[in-house]
Structure formats: C-alpha cells, structure tokens
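Q: how would this look folded up:
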Amino acid sequence: MSSTIKFKLSFMMFLEFFIWGAWFVTLGTFLSQTLNATGLEIANVFSTQSWGAIIAPFIIGMIADRYFNAERILSILHLVGAVLMYQMYQATDIAVFYPYVLAYMILYMPTLSLVNSISFRQLTNPEKQFSGIRIWGTIGWIVAGLSISYLFKWDSGEGLLRNTFLMGAIGSFVLGVFSLALPKTPPVKVEDAQKASITEVLGLDAIKLLKDRNFLIFFVSSILICIPLAFYYQNANLFLSEIGLENPTGKMTIGQVSEVLFLLALPVFFTRFGFKKTILIGMLAWGVRYLLFAYGNASEASFMLLLGIALHGICYDFFFVSGQIYTDSKAGTKYKNAAQGLITLATYGVGQLIGFWVAGYVAEKYADLKTSDISAFWTQVWIIPAGIAIVVFVLFMVFFKDEKVNNEQTLTN
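A: Modelled structure (predicted):
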C-alpha cells in the first residue's frame with residue numbers, strides 16, 4: 001500500500017469520527033440547556049442513532065453495494081449531511097431540531113460501513129493494516145473533544161455548544177469534498193450483488209445461529225447490556241456539566257484513550273482467561289462505572305468520575321470487541337458477515353433504542369428531584385443502569401456455558 005493511499009484512508013477515518021465526536025458527546029447537554037428539552041425528548045433525539053443503524057443496511061446493502069462507487073456515496077452523504085448539520089446549528093427549539101437530526105443520522109450511520117469498505121478494498125493485508133488506519137478515527141474523536149473544552153471553551157459558556165454543530169457541518173463538508181479524491185471503490189458485480197437477498201443483507205440469515213444455546217444467551221445479553229450503554233451516551237456529558245466538573249467534554253476523551261490501551265491488552269486477557277471471563281469483566285465494568293458516577297462528585301471525589309470515564313476501555317473492548325470475535329468464531333465461513341450484521345442490528349439498533357427510551361423515562365420519573373437536589377437526581381439516574389448491568393452479569397455468568405473460542409488470527413492481528 002502506497003503512503004499516499006495510507007494518508008488518504010487515515011485522513012478519511014480522522015474526519016469520519018471527528019465529525020461524530022464534534023457534536024454527539026455534548027448533544028444531551030445542548031438539548032437540555034439550550035433547547036430546554038425534556039428527558040423523553042432527549043431520548044427521542046438519541047434514538048435517531050438507532051433508527052439510522054437499523055436503516056443503514058438497506059442503504060449500503062441494497063443500494064450502495066449494487067450501483068455506485070463507495071467513495072461517491074460517501075461524498076454525497078457527507079455533503080448533504082453538512083447541510084443538515086447547519087440546519088441543526090440554526091434550530092431554536094426541539095420541534096425544529098428533531099427532523100434534521102433524524103435525517104442526518106439516517107445518512108450518517110451508513111457512512112460508518114462505507115469508510116470500512118473503502119479501506120478494506122485498498123489494503124493488501126487488512127488483518128494487520130486496518131488497525132493502523134482505524135486508530136485515526138479514535139484520534140479524530142479525541143481531537144474533537146479536546147477542541148470543544150480546551151481550544152474553543154464551548155463547555156464553559158451558555159449557548160456556546162450550538163457551535164459544535166457548525167464545526168460538525170464544516171468537517172462534514174470537508175470530508176464530502178475530500179471523498180472525491182479517495183481511491184475508486186466500484187460496486188461488486190451486479191450479478192453477484194443480486195444474489196444477496198434482503199434477509200442476507202440485514203444479517204437475518206444468521207438467525208439460525210440462535211439455535212445454539214450459548215449464542216442465544218450471548219445475543220440476548222448483547223441487547224440487554226446496550227440498555228445501560230445508552231445511559232452513558234445520553235447522560236454522561238450532561239451529568240458532568242451539571243455537577244460542575246470543569247471541561248467535561250475534554251475529560252471524556254480519557255475514555256477513548258482507554259479504549260485504545262485496553263484494545264491492545266485484550267488479546268492477553270482473552271488468551272489467559274477465555275471468552276466468558278473476559279466478557280464478564282466487561283459487563284461488571286459497566287456496573288462499577290455507574291456506581292462511581294452515582295457516588296462521585298466534582299470536588300473531593302472527582303477521581304471517581306475520572307475513573308468511571310477511564311473504564312470505558314474495559315466496558316467497550318471487553319464486551320463488544322470480544323463479542324465480535326466470539327460471533328466470528330461461531331458463525332463459520334458462510335455466515336460471518338451475516339452474523340456480524342445481526343449483532344450490530346441487535347446492539348446499536350434494538351438494544352440502544354430500548355436503552356435510550358429507558359434512560360429518557362428514568363430522567364422524567366425523577367425530574368422533580370432535579371430541581372431540588374441535583375446530586376440526588378443523578379444518583380438515582382446512575383443506580384438504575386448499574387443495577388441492569390449487574391443483573392445481566394449474573395444471568396450471563398449462570399447460563400452461559402464456558403467454551404473455547406478458536407479465533408487466534410483475529411486476536412493477534
């Protein structure tokens with residue numbers, strides 16, 4: 001792979017996740033403090049990510065993979081996304097904001113698959129080269145968070161978070177234009193693409209894997225653990241802002257740094273402790289993280305908040321990455337893509353959709369407490385996902401039978 005192509009792919013990944021990190025982390029805070037949205041209204045906005053994840057396979061599998069170059073689709077989606085993001089920047093109330101964010105997420109979520117497809121088609125040794133490309137996406141997310149807190153200081157001023165959408169719009173426009181300079185990535189041959197049914201595109205062919213008791217338990221657990229995950233995405237930045245932690249968006253990038261470090265440590269844990277124990281550690285980390293949030297504060301116990309943020313690496317890598325490895329090993333050659341699609345649909349689609357609604361309901365339930373005792377409000381909000389995570393941990397520990405996962409190539413590359 002030439003250095004030019006490597007630079008283009010790396011910059012593409014950087015912008016892809018810079019755009020997402022530029023506005024999504026602070027979205028809950030913006031909706032609450034600037035648009036005065038209720039808990040359920042915030043939940044509906046965050047749910048657009050799940051609707052985008054559910055619709056994305058149709059856009060990619062049924063349209064992009066058949067008829068158009070991937071880099072051109074990526075360009076169009078981001079250019080239109082820039083316009084929608086600018087409309088979100090100008091929105092003055094939740095009723096105006098919602099249609100734009102829904103349309104944006106339906107267009108953005110497919111781009112996550114597109115950037116991967118473009119990368120894999122250019123790499124000569126994807127198993128070894130892709131991680132070096134993908135890490136620039138994490139760097140992009142970190143740069144966005146640090147810019148918000150420390151460069152522009154948008155965390156510290158009322159109404160300034162509106163500018164995050166302008167930053168996202170600019171980033172989306174740049175990537176839309178830059179995508180035209182990416183290596184050409186034509187669709188697969190029409191005769192091959194037509195062989196894929198809708199059920200195959202959506203990963204539904206892999207449903208037969210649910211006949212395996214262990215995989216069924218893992219599948220259900222994946223959906224359930226995404227309920228507490230949604231609490232983090234929806235509430236973490238707002239929580240840290242409201243209790244007075246300085247530069248919350250910048251500090252939340254500790255989670256992405258942790259994600260990179262624990263991804264490097266994952267093969268050691270996986271090899272030494274096996275799949276079941278590794279994934280149980282990930283589940284337990286969710287419960288511990290939310291307990292730290294529930295009882296930490298922005299003064300003498302701020303270390304609890306920072307530790308909770310830092311646990312993101314264990315929470316995400318030990319469950320989701322381990323789960324992808326497990327799914328790959330169980331699926332076999334025939335169902336590898338379908339099985340990964342099914343798990344993605346279940347987690348980012350169904351699981352988080354339920355989670356966002358539950359988080360919104362909980363926020364509404366304790367809304368009266370928020371006006372009288374903000375600390376008590378957030379304690380209640382975080383205790384619930386902590387409890388859910390612990391219940392999932394126990395169920396998985398009891399019902400999942402330990403088995404050896406033979407996927408050494410995935411772990412070592």
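Q: which helices and strands sit right next to the helix or strand harbouring S10?
A: Applying DSSP states H and E as the criterion places S10 in helix 3-23. Secondary-structure packing of helix 3-23 (3 or more Cβ pairs under 8 Å, 6 or more residues apart in numbering; DSSP states H and E): helix 70-90, helix 94-122, helix 126-146, helix 163-178. Bear in mind the C-beta positions are built from the backbone N, C-alpha and C, glycine included.
Q: for the chain, longest helix please?
A: For the chain, the helix with the greatest residue count under DSSP state H is helix 254-295.
Q: that older thread, how about TSV for the helices and strands packed on helix 3-23, with distance to L280, mean pLDDT and mean neighbour count added?
A: What follows is these, written out as TSV (distance: least, Cβ to Cβ, whole Å; pLDDT from 0 to 100; neighbours: other Cβ atoms under 10 Å):
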stretch	distance to L280	mean pLDDT	mean neighbour count
helix 70-90	38	96	21
helix 94-122	28	92	20
helix 126-146	25	89	19
helix 163-178	36	98	21
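Q: so which of those gets nearest K401?
A: Nearest to K401 among the helices and strands packed on helix 3-23 is helix 126-146; the distance by Cβ to Cβ comes to 29.4 Å.
Q: what residues does the closest one touch?
A: 1, 6, 9-11, 13-22, 25, 115, 119-120, 123, 167, 249-250, 252-253, 256-257, 259-260, 409-410, 413 (Cβ atoms under 8 Å, 6 or more residues apart in numbering).
Q: what separates W23 from S179, distance-wise?
A: For W23, the distance to S179 (Cβ to Cβ, to the nearest Å) stands at 20 Å.
Q: next one: D402
A: Using Cβ to Cβ, D402 is found at 45 Å from S179.
Q: Now the residue nearest in space to the middle of the chain. Nearest residue, chain neighbours left out?
A: Nearest to the mean C-alpha position of the chain, by Cα atoms, centre = their mean, lies Y348 at 7.4 Å. Excluding the flanking residues, the one nearest Y348 by Cβ to Cβ, 6 or more residues apart in numbering is A53, at 4.0 Å.
Q: can you give me the angle the helix or strand harbouring the one you found makes with helix 94-122?
A: Here A53 sits within helix 39-59, counting by DSSP H and E. Using axes from the mean of the first three to the mean of the last three Cα atoms, to 10 degrees, the direction of helix 39-59 lies 30 degrees away from that of helix 94-122.
Q: Against which helices or strands is helix 39-59 packed?
A: Judged by 3+ Cβ pairs under 8 Å, 6+ apart, the packing partners of helix 39-59 are helix 27-33, helix 94-122, helix 213-242, helix 352-365.
Q: Let me know which of the helices and strands packed on helix 3-23 is the nearest to F356.
A: Nearest of the helices and strands packed on helix 3-23 (Cβ to Cβ): helix 94-122, 12.0 Å.
Q: Point out where the stretch 251-400 of the chain drops to low pLDDT.
A: 333-338 (pLDDT under 70).
Q: With V260 as the reference, measure out to the nearest residue to G140 once chain neighbours are set aside.
A: Of all residues not flanking G140 in the chain, F18 sits nearest, at 3.5 Å (Cβ to Cβ, 6+ apart). According to Cβ to Cβ, F18 stands 16 Å off from V260.
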